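In: mind folding the following:
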Amino acid sequence: MAKVSNSLIAGTILLVCLNGTAAAGQLTYRPINPSFGGDPFNSAHLLGIANANDRYKDPDAVDIEEVLNNIDFGTAGATTAGTTGTAGSGVLTDGIGNGTSSGAVNTTTDTTTGTSSGTATRSGLGLSITPNSDGSFTIR
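Out: Numbers count the residues shown, from 1 in each chain. The predicted model follows:
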């Protein structure tokens, strides 16, 4: 029995000598979502995930291209073909709501450049289309 206890003691001493010191670090929580204190560079990735999961289409949403295509500038003023005129009243057709409803349209033509700009209003809603010098339009 003395051999067993000597080998047990020798094995224990050997294990103690071969073991290194145990080290532990502090555990810290790093939030990922930038809304809750996370890395702000994660926002594009999180927005992409949210957009990929969002399949809802608002049935009452107004399509701005449809609104612009359905504006009738009237016959007394500038028409969509770009004829001359200074002021007119027309109808906003199906662009902002159902059916047709009356609206006022004011257009002006610059005689030196030949460009027209106009403002259309309907029930407090307004649309202003102004040509820019580079050929593009500003819509407000």
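In: how's the protein carved up into domains?
Out: 26-56, 64-139 (automatic domain parsing).
In: how deep is the closest residue in space to residue 40 that isn't next to it in sequence tucked in, by neighbour count?
Out: Spatial nearest neighbour of residue 40, excluding adjacent residues (C-beta to C-beta, 6 or more residues apart in numbering): residue 34 at 4.8 Å. Every residue, glycine included, has its C-beta placed from N, CA and C. The local packing count at residue 34 equals 16, with neighbours defined by other C-beta atoms under 10 Å.
In: wait, residue 34 sits on residue 43?
Out: Yes - with contacts counted by C-beta atoms under 8 Å, residue 34 reaches residue 43, the gap being 4.7 Å.
In: check which helix or strand covers residue 9.
Out: helix 2-18 (DSSP states H and E).
In: same for that helix, what does it pack against?
Out: With contacts defined as 3 or more C-beta pairs under 8 Å, 6 or more residues apart in numbering; DSSP states H and E, helix 2-18 has no packing partner among the helices and strands.
In: for whichever helix or strand comes after it, what is the average pLDDT?
Out: Elements were assigned by DSSP H and E; along the chain past helix 2-18, the next helix or strand is helix 43-53. Averaging the model's pLDDT scores along helix 43-53 yields 80.
In: what's next to helix 43-53, contact-wise?
Out: For helix 43-53, contacts defined as C-beta atoms under 8 Å, 6 or more residues apart in numbering pick out 33-34.
In: with just CA atoms, put the helix or strand just after it into CSV.
Out: Moving toward the C-terminus from helix 43-53, the first helix or strand encountered (DSSP H and E) is helix 64-69. C-alpha atoms of helix 64-69 as CSV (Å, rounded to 0.1, in the frame of the first residue of the first chain):
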residue,chain,number,x,y,z
ILE,A,64,-46.0,60.0,-57.0
GLU,A,65,-45.4,59.0,-60.7
GLU,A,66,-49.1,58.3,-61.1
VAL,A,67,-49.9,61.7,-59.6
LEU,A,68,-47.6,63.5,-62.0
ASN,A,69,-48.8,61.6,-65.0
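In: may I see the buried residues of helix 64-69?
Out: Within helix 64-69, the residues that qualify as buried by neighbour count (16 or more other C-beta atoms under 10 Å) are residue 67.
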